[in-house]
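Asker: Pasting the sequence and the predicted model now:
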Amino acid sequence: MRHLIAFLLSLFAVPVWAQSEIEITEVDVELFLAVDVSRSMSPYELEIQRKGYSAALASEEVKGTIAGGMIGRIAVTYVEWAGSHSQTVIVPWTLIETPEQADAVAQRLVEYYNRGMRRTSISEALVYAADSFETNAFRGLRRVIDVSGDGPNNQGRPVLAARNEVLGRGIVINGLPLMTQDEFSLRWGISDLDVYYRECVIGGPGSFMIPVKTWDQFAEAVRRKLVLEIAGLPRRETASLYRAEGYNCLVGEEIWRRNQQQFFSP
């Protein structure tokens, strides 16, 4: 019986040489789209985000920028994040080389919507993204994390520690701070989120951010941002490895503790 089992297993075994050889596709950029779905985001806002990214990927401008690259193709993944252990892959690493492939990814984004999740951990989203570059089947001339969010980090490791780790791997971080104001964001967020993203989140050669102050600006901001990231155009809004002297990159954690104390105080 043991001999029979061993024989059957051998039929399905993958040779060691085959396991170690993974076909790698070269692309202009490996683009990780990290999208905030924390509890502060309403179902309406979650839908706007998905539709905005979908419209951008399906736009002729983005398709033309992909085709005009040195290699003429990109790899993209779309992941929604919230707390430290809340990262949901909506679109796994996917090759986009043709208009049809871009349309397929765009369609995937509007097929269904998840509910928002608790907490905001930009730091763990960044490290999760950086790790995923190591295991995908692509090799890009550039590796870029495009992170959006409507509030500062309030869970997981400090955002500066995560940012520095990611930059140390040669990955660029760009930002899309969502500065739309509502009752929830006023209690848990900060008014200078664009400054927070500049000083605490984005970094690397040519890194930049595009603030969104009203939701009707979102789709256009995403489209413009994707074009710049895919084309690799130089930007002036860069961030140094270390924050400006005096800016508090732990403000999100402090707000969380303050609100928790107020909520649970007798």
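Answerer: Done, it's in. Numbers count the residues shown, from 1 in each chain.

Asker: show me where the stretch 101-250 of the chain has strands.
Answerer: Listed in chain order, the strands of the stretch 101-250 of the chain (DSSP state E, counting those that start in this stretch) span 138-149, 172-177.

Asker: Buried ones in the biggest helix by length in the chain, by neighbour count?
Answerer: Assignment by DSSP state H gives helix 43-58 as the longest helix of the chain. For helix 43-58, a neighbour-count test (16 or more other CB atoms under 10 Å) marks 45-46, 48-58 as buried. Any C-beta I mention is one placed from the backbone N, CA and C, and that applies to glycine too.

Asker: that older thread, Throw the strands of the stretch 101-250 of the chain into TSV and include mean neighbour count, mean pLDDT and distance to Tyr197, thanks.
Answerer: TSV is the format used below for those (neighbours: other CB atoms under 10 Å; pLDDT from 0 to 100; distance: least, CB to CB, whole Å):
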stretch	mean neighbour count	mean pLDDT	distance to Tyr197
strand 138-149	22	96	8
strand 172-177	26	96	4
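
Asker: among those, which is nearest Glu229?
Answerer: For those, proximity to Glu229 was assessed by CB to CB; strand 138-149 is nearest, at 5.3 Å.

Asker: quick one: that closest one to strand 172-177, angle?
Answerer: Per axes from the mean of the first three to the mean of the last three CA atoms, to 10 degrees, the angle that strand 138-149 makes with strand 172-177 is 30 degrees.

Asker: Which neighbouring elements make contact with strand 138-149?
Answerer: strand 25-36, strand 74-81, helix 122-135, strand 172-177, helix 218-231 (3 or more CB pairs under 8 Å, 6 or more residues apart in numbering; DSSP states H and E).

Asker: Pull the distance from that strand to the chain's centre.
Answerer: 8 Å (CA atoms, centre = their mean, to the nearest Å).

Asker: highest average neighbour count across the helices and strands packed on strand 138-149?
Answerer: Of all the helices and strands packed on strand 138-149, strand 172-177 has the most neighbours on average by mean count of other CB atoms under 10 Å, namely a mean of 26.

Asker: residues in contact with it?
Answerer: By CB atoms under 8 Å, 6 or more residues apart in numbering, the residues outside strand 172-177 that reach it are 126, 142-150, 163, 166-167, 193-194, 196-198, 201-212, 221-222, 225, 229.

Asker: rerun at 7 Å
Answerer: Residues outside strand 172-177 that contact it (CB atoms under 7 Å, 6 or more residues apart in numbering) are 126, 142-149, 163, 166, 193-194, 197, 201-212, 221, 225, 229.

Asker: following the longest helix of the chain, which helix or strand comes up?
Answerer: For helix 43-58, the succeeding helix or strand toward the C-terminus, using DSSP states H and E, is helix 60-67.

Asker: Return the set of buried residues in that next one.
Answerer: 62-63, 65-66.

Asker: pLDDT added to the residues you listed, as JSON lines?
Answerer: Shown next, in JSON lines, are these (pLDDT from 0 to 100):
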{"residue": "Val62", "pLDDT": "97"}
{"residue": "Lys63", "pLDDT": "98"}
{"residue": "Thr65", "pLDDT": "97"}
{"residue": "Ile66", "pLDDT": "97"}
